[in-house]
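Student: Curious how this folds, go ahead:
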Amino acid sequence: MDPVLLVRLLEPPIFVGTCILLIWLSLPGANPLRATFRPVWRVLTRRGYLLYILIGFLVIGGDVVLTAVDAHFTAAVQRWFGPEAFSSLLWSIEGDFVAAFQRWTWPPLTWYLAWAYIVVFPALVPWAMAVFDYLGRTQKNISLLVAYILNYLLVLPFYVFFPVLECHEFRPGGEPFVRLALDDIHPAVMEVLRPMSGIDNCFPSFHTSLAVTVAAFAITSGRRAFAGVTSLMALSIIFSTLYLGIHWATDVAAGIAVGLVAYVLGEWLGRKFSPRLGQQKEAAAPTVTGLA
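Tutor: You can find the predicted model right below:
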C-alpha cells in the first residue's frame, strides 16, 4: 500500500482514540465515550453548538488557504530582505542550539513526540472543550474558542511578513544542522502534514502557543487530573518541536508569549461577549470520584 495513503487512513482512528484517551485521563471515573461523544451529538442536534464546529473549520480552512498562497507573500518579502534573511537572523542569535536536542535520540521517544506533535496538537481544543462541556462550564468553552482564534490571529502576520524556515530546512554553509526526525518514522508522515504547515511559517510556534493556552485553561480549571494531563501534553508538544528539528528556540519562546496573551485576552473577551453567561453560576459538575 502507498505509505501516504496508509498514513491518511490511520490518522482519523488514531485521532479519535487519542481524544478518548485524553478525556478519560482528564475525567477519572467518568464514562470516556459519553464525555467524548455527547458534545458531538449536541453539535449535530443543537444549533447553538454549530458555532463551535464552524469556528474550528474556519481556522483550519484559513490555515489551508494561507499555506496554499503563502509562497506569493513570501516571494514578495524575500525580494525586499533576501531569501533567508529572517532565518539567518535566528541563526545568528541561536547558532546550532536546537541541534543539542538531537544529540541523543531514542526511537520510542521519537514515536511518542511524533504522536504529540501530529495527533495530540489538533486534539487540544476538542479535548478541552469536551471536558468543559462535561463539567457544565459553558463560559470556559466560549473563552477557549475566543483564545483559539486569537492564537491564530496573533501568529498570522508573522507567517506572512516574517517568513522563517523550519530548522531542518535551513542550511548554513550548504548543509542542514539538524535533521527532520519525523523522517526516522517515514517521509510520508511529513508529506501528509505539509499541506497544513507552510515550511516557512515557523515564528512564533503555533504548536507552542496553542499548547500553552489550553494548558493555562486546564490549570485554572481547578481540576487536578485535567491540569496534570494537559500540562504533560503541552510540555511534550513544546519539546517535540525542538527534538523533531522543526522549530527554533526563539519560535518556542515567542509561542509561549503568544499563548499566554491569547489566554488572558480569551478569558476577558469571552466574558465580555457573553455577559449573562459570565455572571451566572457555573453549572454543577457531576459527582465523579477523583475528579477534583
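
Student: Kindly provide the distance from the residue nearest to Leu260 when sequence neighbours are not counted to Val192.
Tutor: Of all residues not flanking Leu260 in the chain, Val212 sits nearest, at 6.2 Å (C-beta to C-beta, 6 or more residues apart in numbering). The C-beta positions use only the backbone N, C-alpha and C, and glycine is treated the same way. Applying C-beta to C-beta, to the nearest Å, the value for Val212 to Val192 is 26 Å.

Student: neighbour-wise, which of the two wins?
Tutor: Val212 (25 against 19; other C-beta atoms under 10 Å).

Student: need the contact list for the residue nearest to Leu260.
Tutor: Applying C-beta atoms under 8 Å, 6 or more residues apart in numbering, one finds that Val212 lies in contact with 234, 238, 255-256, 258-260, 263.

Student: Tell me, what's the model's pLDDT at it?
Tutor: pLDDT for Val212: 98.

Student: same question, Ala283
Tutor: For Ala283, pLDDT reads 41.

Student: Pro195 now?
Tutor: 73.

Student: Give the helix, strand or coil label for Leu6.
Tutor: Following DSSP: H, G, I helix; E, B strand; the rest coil, we place Leu6 in the helix state.

Student: Not counting sequence-adjacent ones, nearest residue to it?
Tutor: According to C-beta to C-beta, 6+ apart, the nearest residue to Leu6 is Ala188 (7.3 Å).

Student: any idea how far the one you found is from Thr110?
Tutor: Taking C-beta to C-beta, one finds Ala188 at 15 Å from Thr110.

Student: do the same with Leu180
Tutor: Relative to Thr110, and taking C-beta to C-beta, Leu180 is found at 11 Å.

Student: now Gly245
Tutor: From Gly245 to Thr110 the distance is 11 Å (C-beta to C-beta).

Student: Same check on Phe73?
Tutor: Phe73 sits 33 Å away from Thr110, going by C-beta to C-beta.

Student: now do Gln102
Tutor: With C-beta to C-beta as the criterion, Gln102 and Thr110 are 10 Å apart.

Student: Now the common contact residues for the two.
Tutor: With C-beta under 8 Å, 6+ apart as the test, Gln102 and Thr110 both reach 181, 243.

Student: okay, and for the chain, where does confidence drop off?
Tutor: 43-44, 46-53, 55-56, 59-60, 62-71, 75, 78-79, 81-83, 274-292 (pLDDT under 70).

Student: What strand or helix carries Thr74?
Tutor: Thr74 belongs to helix 47-81 when assigned by DSSP states H and E.

Student: again, but for Met233
Tutor: Taking DSSP H and E as the criterion, Met233 maps to helix 224-243.

Student: Which strands or helices does that helix pack on?
Tutor: Secondary-structure packing of helix 224-243 (3 or more C-beta pairs under 8 Å, 6 or more residues apart in numbering; DSSP states H and E): helix 3-26, helix 107-115, helix 121-134, helix 206-219, helix 249-273.

Student: can you give me the angle that helix makes with helix 3-26?
Tutor: 150 degrees (axes from the mean of the first three to the mean of the last three C-alpha atoms, to 10 degrees).

Student: So which bits of helix 224-243 are buried?
Tutor: If you call a residue buried by 16 or more other C-beta atoms under 10 Å, then helix 224-243 has these buried ones: 225-227, 229-231, 233-234, 236-243.

Student: Likewise for stretch 15-32?
Tutor: 15, 18-28, 30, 32.

Student: nearest residue to Gly270 other than its sequence neighbours?
Tutor: Ser143 (2.9 Å).
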